[in-house]
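1. build me a model from this:
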Amino acid sequence: MFVAELSALRVGIGALALSGTLLFRSAAVLPATRLTRGLVGQIALSGLVGMALGMTFLLHALAHGPAGLVSTLSATSPILILPVLWVVTRERPAAGAWLGAALAVAGAGCIFS
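-> Model prediction:
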């Protein structure tokens with residue numbers, strides 16, 4: 001029960017901090033585009049796939065596999081998305097991102113070998 005209370009406190013503080021950004025009317029805070037039906041659909045699909053399916057698969061893997069292996073693989077999956085990001089946005093990620101990704105993949109390789 002104590003963990004749930006801490007999680008609720010963390011989410012509440014995050015929501016307050018995010019809401020505080022509404023006080024500043026700078027270009028960095030204002031939305032770049034208006035919400036359209038298609039954009040809302042993309043956001044909903046991203047939440048469904050990323051959080052609902054992703055967390056379901058992660059919890060299933062933790063229940064049936066070694067926790068160290070599962071947590072390491074789940075932590076490296078965002079790194080492996082850099083090439084996909086490059087293809088979709090047609091913007092090459094920064095050199096530091098590639099270096100960090102290479103180090104993380106090499107580290108995971110050392111752990112698993």
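2. got the phi and psi for the residue most central in space within the chain?
-> The centroid of the chain falls nearest to Pro78 when counting by CA atoms, centre = their mean (6.9 Å). Per-residue torsions, Pro78: phi -60, psi -30 (degrees, to the nearest 10).
3. what comes into contact with stretch 66-75?
-> 58, 61-62, 108, 111-112 (CB atoms under 8 Å, 6 or more residues apart in numbering). From N, CA and C alone the C-beta is placed, and that goes for glycine too.
4. please produce a PyMOL select command covering the buried subset of those.
-> In PyMOL, this line selects whichever of those come out buried by 16 or more other CB atoms under 10 Å:
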select buried, resi 61+108
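5. so which of the contacts of stretch 66-75 are in helices?
-> Within the contacts of stretch 66-75, residues falling in helices by DSSP state H are 58, 61-62, 108, 111-112.
6. need the pLDDT of Val3.
-> At Val3, the model reports a pLDDT of 68.
7. can you tell me which of the ones in helices among the contacts of stretch 66-75 comes closest to Pro83?
-> For those, the closest approach to Pro83 (CB to CB) belongs to Ala108, at 16.5 Å.
8. name the nearest residue to the closest one, ignoring sequence neighbours.
-> Nearest non-adjacent residue to Ala108, counting by CB to CB, 6 or more residues apart in numbering: Thr76, 5.1 Å away.
9. neighbouring contacts of the host helix or strand of Gln42?
-> Take DSSP states H and E as the rule and Gln42 turns out to sit in helix 37-47. Contacting residues not belonging to helix 37-47 are listed as Thr33 [CB under 8 Å, 6+ apart].
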